[in-house]
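Q: no sequence for this one, just the structure:
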């Protein structure tokens, strides 16, 4: 044991006070000579000053001791508790007199008998001893703590100061943060007491060999594994490190075990640390962490899960306002890193970075005026120019009504702040391109538009032209590489002129300021287009990608972020429609176009319910005989405001809104109803061609729907011809083949419409069970005078002939075109040369007249 430890709650010893009183009485004796009285006066003054200093030191010790936010114990060398601060009494839910004078086991009855041995060894080496244990409150509940012990001498006797950090909240935070960090290359699995998997990080999935989507709980069933120790001895379930950690309620560190997976006969070795986890107020661990690295190839990772925080250094400070003097402990000086160390409160505040500096001044001033305390987290600038984050706690000295002294603590929280910043950056970043993501750029735009000091901004909406074709043809790996490369080029082109974000898919946003340069958006757009001119490469493939860009400015083109982005998007689509590889600024005309589109889409949605659609039928004519052989059903919209609208005015809107599926179903049924009506009137079966949207193709079971409608009107499959765009040639090939096979089996004629305008995926064309192609009006209108159109027509005819496919030419409007197509060997055509779309009665009348057209004779 050591000399009696002073009770900080008691004033200076009674003996010193009595001695001072005796000196005072003695120096009042009139019989004393002058020299003796002077000597007694000096002794009285010296003893009084010593008592004052002792009281000051006691108050300072008590203030600093009780200001520490963690439980702090002063121990004798044998482990007897000599003192405990207020935080400790609150943490252990016990009064001071139940703890002081008792062995340390009163706080942790589970400590082994020789638990002080490693403490003594570390302190004798001049080191700090750190250990994680579970301490006990007065009600018997346990809570995990990290204890830091250091040695010091008191009156020639060795003593120990122990700081206990409650790990309950830190465990929850660290668990959440670390499992979010997918880059950690150490497996981490959290088990409950029944060894059910609660969570596992990606590294654990890889190390254990989990297949994508496979349940880790099912994979780690005990029956699937044989576990052996480092020497190959089989371990029973109760001997597993995780089980031992739960049973013993202590950490089982760095255990090398072998894992033999019975179903696949796979053997691997890991080094695992098992850490029991206590719930708050719990008396036994409820969970266990298994942290492991694969050591099968004896290449142990140097970092095993970002080990628990090192020594949580806490420094103390005191500001004596009366003397205008700042006192800092050595640890506080180390944390602040100022050379020379601050000697006044102003010196300490000078290291705080703006704008936190004013916040700290305000907190101190408020504390002086009203009392209480403050708790601030601030950035601090050290003398070596390395910034750090510190947590500063301050409060008025207890029993000091004038707030003449302020005491507190300092803690280095740089690591925690860096971890929070990493998570914040990850939440704002697109993982593929490294650019800002959609949420981040929306916040940036809103912030700039809301800030009156920021001025006007512009948004550039960038869409990569024909990216989907490359993604579909070359695969998603090539598409991802293209997006990453294009993103880098765009970012380099923008430079410091604006912020770049990936908005989704192959779309990017750029936001820039307009205050100092009204032409900045156009200059950025030109730079982006220029940056994309060089070709892209993937494996041995080389291809070119361009972009369409729309520009919108605030506030003229939108006063809210969503409106600004929407208008930039509209300008981009206008650019894409016009030429691609260009930029387009939003204009009032585009605004009107948007309004028209909205009006169109609104009325279009009601048209089917209001019976505003009807069909006309354009004859398909045998070019040699002039006889009508079939018809194509063409939709018309009779709007009460706009009159009759052709499909080129509204079909694209219906595709965009998805209404095309409902409209397409109506067209299919109405065409079949009309064929049945003609049949019933004695005209026989007239084959009618119906256009099928790609959305119909993927949005429903097309074969089943067609079969149902044919059955409703008792029609054979040969009465119907379905025309598809080239898009179906490359989309979802297995489903495409199956649907086409089902339709063909019904006897339905299948053709590819407007062949040559789109993807022209000849490989799929060869495999699909189709009957024919339709030669696009786009190429027919230029023959026989346009050499390019002639060449395309010849190529399409050659393809159809080589594949044994039928061929129909669209848009024939002149005799010269008819003669050219006849010479080329095209058998069937339709167009204004023969007839426009006819109402059902007019079409029937022409059939009754023999179905011949004078233009063919």
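A: Okay, I see it. Computed from a predicted structure; not experimentally measured.
Q: report the rounded mean pLDDT for stretch 370-390.
A: Averaged across stretch 370-390, pLDDT comes to 85.
Q: and stretch 544-552, how far out from the chain's middle?
A: Computed by CA atoms, centre = their mean, to the nearest Å, the separation of stretch 544-552 from the middle of its chain amounts to 26 Å.
Q: please apply the same query to stretch 271-287.
A: Taking CA atoms, centre = their mean, one finds the center of stretch 271-287 at 30 Å from the center of the full chain.
Q: give me the beta-bridge partners of residue 388?
A: Beta bridges link residue 388 to residue 380, judged by DSSP bridges.
Q: that one reaches residue 415, doesn't it?
A: No: under the criterion of CB atoms under 8 Å, residue 388 is not in contact with residue 415, lying 9.8 Å apart. Where you see a C-beta, it was placed from the backbone N, CA and C, and this is true even at glycine.
Q: quick one, phi psi at residue 339?
A: Residue 339 has phi and psi values of phi -120, psi 120 when expressed as degrees, to the nearest 10.
Q: as a check, name the ranges of all helices in the stretch 501-650 of the chain.
A: Taking DSSP state H, counting those that start in this stretch to define them, one finds helices in the stretch 501-650 of the chain at 520-531, 561-578, 588-607.
Q: quick one on the thing from earlier: more crowded one of residue 388 and residue 415?
A: Each of residue 388 and residue 415 had its neighbours counted (other CB atoms under 10 Å), and the higher figure belongs to residue 388 (18 against 13).
Q: residues in contact with the more buried one?
A: Shown here is residue 388, whose contacts under the criterion CB atoms under 8 Å, 6 or more residues apart in numbering are 335, 337, 379, 380, 382, 412, 414.
Q: 7 Å instead?
A: Applying CB atoms under 7 Å, 6 or more residues apart in numbering, one finds that residue 388 lies in contact with 380, 382, 412, 414.
Q: and the first one, how far is that from residue 770?
A: Counting by CB to CB, to the nearest Å, the gap between residue 380 and residue 770 amounts to 74 Å.
Q: helix or strand with the lowest mean pLDDT in the protein?
A: Taking mean pLDDT, DSSP states H and E as the measure, helix 168-180 is the helix or strand of the chain with the lowest mean score, a mean of 64.
Q: so which residues make contact with the next helix or strand after it?
A: The C-terminal neighbour of helix 168-180 among helices and strands, as given by DSSP states H and E, is strand 187-192. By CB under 7 Å, 6+ apart, the surrounding residues in contact with strand 187-192 are 178-179, 197-201, 203-204, 207, 242, 286-293, 305.
Q: buried ones only from those, please, as a PyMOL command.
A: In PyMOL, selecting the buried portion of those, with burial taken from 16 or more other CB atoms under 10 Å, looks like this:
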select buried, resi 178+179+197+200+201+203+204+207+242+287+288+289+290+291+292+293+305
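Q: could you confirm residue 463 falls within a strand?
A: Yes: the assignment for residue 463 (DSSP: H, G, I helix; E, B strand; the rest coil) places it in a strand.
Q: touching, it and residue 572? I think so.
A: Yes: proximity of residue 463 to residue 572 meets the contact threshold set by CB atoms under 7 Å, at 5.4 Å.
Q: who has more neighbours, those two?
A: When residue 463 and residue 572 are compared on other CB under 10 Å, the one with more neighbours turns out to be residue 572, at 25 against 20.
Q: what sits against that one?
A: Residues touching residue 572, when contacts are defined by CB under 7 Å, 6+ apart, comprise 461, 463, 548, 549, 550, 584.
Q: how about these, which pair is most distant?
A: Of all pairs drawn from the contacts of residue 572, the greatest distance, 11.4 Å, lies between 463 and 584 (CB to CB).
Q: just checking, next helix/strand downstream of the helix ranked longest in the chain?
A: As assigned by DSSP state H, the longest helix anywhere in the chain is helix 34-67. Proceeding N to C from helix 34-67, the next assigned helix or strand is strand 72-76, under DSSP H and E.
Q: buried residues in stretch 625-636?
A: Using 16+ other CB under 10 Å as the test for burial, stretch 625-636 gives 626, 628, 630, 631, 632, 633, 634, 635, 636.
Q: name the residues that touch it?
A: Looking at stretch 625-636 with CB under 7 Å, 6+ apart, the contacting residues turn out to be 613-622, 644-647, 667, 671, 686-690, 721, 828, 830, 837, 843, 846-847, 851-853, 856-857.
Q: buried among those? Make that a PyMOL selection.
A: Buried subset of those, written as a PyMOL selection, criterion 16+ other CB under 10 Å:
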select buried, resi 613+615+616+617+618+619+620+621+622+645+667+671+686+687+688+689+690+721+828+830+837+843+846+847+851+853+856
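Q: contacts only, for residue 565.
A: The contact partners of residue 565, taken as CB under 7 Å, 6+ apart, are 459, 461.
Q: can we see that at 8 Å?
A: Residues touching residue 565, when contacts are defined by CB under 8 Å, 6+ apart, comprise 445, 459, 461, 509, 552, 558.
Q: columns neighbour count on top of those, output as JSON lines?
A: JSON lines is the format used below for the contacts of residue 565 (neighbours: other CB atoms under 10 Å):
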{"residue": "445", "neighbour count": "23"}
{"residue": "459", "neighbour count": "29"}
{"residue": "461", "neighbour count": "28"}
{"residue": "509", "neighbour count": "25"}
{"residue": "552", "neighbour count": "26"}
{"residue": "558", "neighbour count": "20"}
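Q: report the lowest-confidence entry in those.
A: Checked by pLDDT, the contacts of residue 565 have residue 558 as the lowest-scoring entry (86).
Q: residue 569 is in contact with that one, correct?
A: No: in this structure, residue 558 is not within contact of residue 569 by CB under 8 Å, at 10.9 Å.
Q: let me know the helix or strand that residue 458 is in.
A: Per DSSP H and E: residue 458 is located in strand 457-464.
Q: give me the sheet partners of that strand and which way each runs.
A: Paired strands of strand 457-464, with direction, are strand 507-513 (antiparallel), strand 547-553 (antiparallel) (DSSP bridges).
Q: most tightly surrounded among those strands?
A: Of all the strands paired with strand 457-464, strand 547-553 has the most neighbours on average by mean count of other CB atoms under 10 Å, namely a mean of 25.
Q: next, the angle from that strand to helix 561-578.
A: Orientation of strand 547-553 against helix 561-578 (axes from the mean of the first three to the mean of the last three CA atoms, to 10 degrees) gives an angle of 140 degrees.
Q: per-residue pLDDT, the nearest residue in space to residue 383 that is not next to it in sequence?
A: Beyond its immediate neighbours in the sequence, the residue positioned closest to residue 383 (CB to CB, 6 or more residues apart in numbering) is residue 339, lying 4.4 Å away. The per-residue pLDDT reported for residue 339 equals 87.
Q: find residues that contact each of residue 463 and residue 584.
A: Residues touching both residue 463 and residue 584 by CB under 8 Å, 6+ apart: 548, 549, 572.
Q: and these, which is closest to residue 217?
A: Taking these together and measuring to residue 217 by CB to CB, the closest member is residue 572, at 47.4 Å.
Q: and the residue nearest to the closest one when sequence neighbours are not counted, bridged to which residues?
A: Nearest residue to residue 572, sequence neighbours excluded (CB to CB, 6+ apart): residue 550, at 3.0 Å. Here residue 550 sits in beta bridges with residue 461, residue 584, going by DSSP bridges.
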